[in-house]
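1. Coordinates only, no sequence provided:
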């Protein structure tokens, strides 16, 4: 009910404003209207994000909000990896870094995890994103340091579900995720 109300308020604001955003676009993707971060969406890939870092209180609230979004995504692997990275780096980010972080946080969980773990090639817009690159380097370094290569799929291939560390049947995996 609350999301419907927000969508209707966004549609009303869009109709009253002189922006070139159609009500259909506003209903499909609601605006962030917390006063700290406000995004207006259009059909092109340009990021129209306004961030208010002028007051210490608004900066603290924005950092807490982004930290919460990164730690409570509902995808355990991303909650741990992304949440820890944001916790370590959010306070040293400038406005452009925060915009890049918001762009990463807007990506859907399954796609983001596949791109961070190297299962699929990410789109060009994310490859050039400094936050995505830093988090992806962290994930890659952790995988290289702590996971044996034979327990991972080859780059570009999805990971197989259902771990089997013991060869239980003919033709089954010898070790791990093969």
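-> Ah, there it is. Not measured: the values here are computed from a predicted model. Numbering: from 1, shown residues only.

2. Number of residues surrounding residue 8?
-> Per other CB atoms under 10 Å, the neighbour tally for residue 8 reads 13. In this view, the C-beta of every residue, glycine as well, is placed from N, C-alpha and C.

3. could you measure it against residue 15, distance?
-> Here the criterion is CB to CB, to the nearest Å. By it, residue 8 lies 11 Å from residue 15.

4. how about the strands in the protein?
-> Ranges of strands in the chain, per DSSP state E, are 37-40, 48-51.

5. which stretch in those strands has the least confidence?
-> Across the strands of the chain, strand 37-40 has the smallest mean pLDDT, namely a mean of 47.

6. Pull out the buried positions in stretch 100-119.
-> 100-105, 107, 112-119 (16 or more other CB atoms under 10 Å).

7. wait, which of those is closest to residue 88?
-> Proximity of the buried residues of stretch 100-119 to residue 88 (CB to CB) peaks at residue 101, which lies at 12.3 Å.

8. Counting neighbours, what do you get for residue 79?
-> 15.

9. lowest-confidence helix or strand of the protein?
-> The weakest-scoring helix or strand in the chain, judged by mean pLDDT, DSSP states H and E, is helix 23-28 (a mean of 42).

10. Sketch out the low-pLDDT regions of the chain for me.
-> Residue ranges of the chain with pLDDT under 70: 1, 17-50, 153, 155-178.

11. For it, which segments count as helices?
-> Under the criterion DSSP state H, helices of the chain are mapped to 2-16, 23-28, 56-71, 76-89, 95-105, 109-116, 124-127, 130-146.

12. Dump these into a markdown table; add distance to residue 154 as well.
-> Converted to a markdown table, these look like this (distance: least, CB to CB, whole Å):
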| stretch | distance to residue 154 |
| --- | --- |
| helix 2-16 | 41 |
| helix 23-28 | 37 |
| helix 56-71 | 29 |
| helix 76-89 | 19 |
| helix 95-105 | 25 |
| helix 109-116 | 14 |
| helix 124-127 | 20 |
| helix 130-146 | 13 |
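
13. quick one: buried residues of stretch 2-14?
-> 7, 10-11, 14.

14. swap that for stretch 85-98, please
-> 85-86, 90, 93, 98.

15. Pull the most distant pair out of those residues.
-> Maximum distance among the buried residues of stretch 85-98 (CB to CB): 13.8 Å, for 85 and 98.

16. Residue 113 contacts residue 77, doesn't it?
-> Yes - counting by CB atoms under 8 Å, residue 77 is a contact partner of residue 113 at 5.8 Å.

17. From residue 55, how far out is the nearest residue to residue 85 once chain neighbours are set aside?
-> In this structure, residue 85 finds its nearest non-sequential neighbour in residue 135, 5.1 Å apart by CB to CB, 6 or more residues apart in numbering. Distance of residue 135 to residue 55, computed by CB to CB: 28 Å.
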